[in-house]
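Visitor: give the three-dimensional model of this entry:
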Amino acid sequence: MALVLVGAAFTVLFDGYTRLSARNLETRNESLRAELQRFQSRVDGLESTLGAVADNDARFRSIAGLESIDPEVMQAGVGGPGLGTPETYPLWSVDSTASKTAFAVSYDLNALERRAKLLSESLSEATDSVLAHRDLLESTPSILPTAGWISSSYSESRMHPIHNRPLPHPGLDISAIKGTSILAAAKGRVIRSGWVVGYGLTIEIDHGYGYTTLYGHSSQLVAQRGQEVRRGDIIAQVGSTGIATSAHLHYEVHMNGVAQNPANFILPDQVRN
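Guide: As a prediction, the model looks like this:
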């Protein structure tokens with residue numbers, strides 16, 4: 001009889017212990033599932049952030065003169081090797097639901113890691129491209145050199161106001177008040193600062209990459225021959241020296257010695273460097 005009672009008591013105690021262990025295990029499993037869910041939320045947030053980075057990368061690559069990454073290539077992080085299945089996770093035998101969640105989190109993290117690596121390499125490539133082109137961009141004429149209005153456009157043949165016959169006009173005439181500042185259209189080195197027949201007091205700048213610009217009819221020269229200038233530096237003042245009927249700037253852009261239409265090199269404020 002005593003043995004029966006002891007056995008019954010042991011059974012009750014063991015059953016209670018088992019139930020308590022089961023409750024504790026379920027509590028731990030629930031905590032694990034909640035923690036995994038929090039990780040999944042953070043992964044979702046990272047995915048959104050990488051999406052914004054990808055958009056910025058596309059714009060940066062465009063500025064750098066590079067093609068955007070192909071959308072299919074951008075999906076390089078999907079389905080990476082070695083992920084297995086939820087059933088292969090050690091957690092599967094303990095809690096299949098938690099195992100599925102853990103697998104999903106691992107799957108997404110794998111994709112995000114590979115996508116982040118791809119974007120890092122892309123941004124590095126774009127940065128190198130921008131730096132390589134920066135000097136060219138800074139050396140390319142891109143502004144209207146003085147404040148005024150265009151009174152005569154580039155033309156291969158126009159009626160000259162003084163010679164009264166058709167002659168090429170290889171630049172822009174920008175009418176402005178005498179003494180108005182004339183600005184360098186891009187960075188470069190002044191290769192002429194003095195009197196030029198017909199042009200009067202003239203500044204000429206060599207910008208490299210085949211570009212040169214000329215600024216004629218000045219009333220006063222500020223920059224000197226051999227001086228290094230940056231875009232926007234004051235190099236002279238508007239005047240009417242040389243063959244001119246009124247105060248204006250005669251502005252020319254040459255590429256490899258050939259006159260170009262300066263209007264093609266004047267960019268909007270929000271675009272130019």
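Visitor: which residues touch residue 258?
Guide: By C-beta atoms under 8 Å, 6 or more residues apart in numbering, no residues touch residue 258. C-beta here means a position set from N, CA and C on the backbone, and glycine is covered the same way.
Visitor: and it, backbone torsions?
Guide: The phi/psi pair for residue 258 (degrees, to the nearest 10) reads phi -110, psi 130.
Visitor: what's across from it in the sheet?
Guide: residue 255 (DSSP bridges).
Visitor: okay, it: pLDDT?
Guide: pLDDT for residue 258: 93.
Visitor: check residue 111 too.
Guide: Predicted confidence (pLDDT) for residue 111: 75.
Visitor: what separation do you get for it and residue 200?
Guide: Per C-beta to C-beta, to the nearest Å, residue 111 is found 67 Å from residue 200.
Visitor: again with residue 55
Guide: 52 Å.
Visitor: do the same with residue 211
Guide: As judged by C-beta to C-beta, residue 211 and residue 200 stand 23 Å apart.
Visitor: and the two? Which one has more around it.
Guide: Neighbours per residue, other C-beta atoms under 10 Å: of residue 211 and residue 200, the larger number sits with residue 211, 21 against 18.
Visitor: contacting residues around the more buried one?
Guide: Counting by C-beta under 8 Å, 6+ apart, residue 211 makes contact with 139-141, 186, 188, 253-255.
Visitor: buried members of the residues you listed into ChimeraX, please.
Guide: The ChimeraX command for the buried members of these (criterion: 16 or more other C-beta atoms under 10 Å) is given here:
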select :139,140,141,186,188,253,254
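Visitor: turn the contacts of residue 211 into CSV, columns for pLDDT, distance to residue 125 and secondary structure.
Guide: CSV is the format used below for the contacts of residue 211 (pLDDT from 0 to 100; distance: C-beta to C-beta, whole Å; DSSP: H, G, I helix; E, B strand; the rest coil):
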residue, pLDDT, distance to residue 125, secondary structure
139, 94, 23, helix
140, 92, 22, coil
141, 94, 28, coil
186, 96, 26, coil
188, 97, 29, strand
253, 96, 31, strand
254, 96, 33, strand
255, 95, 29, strand
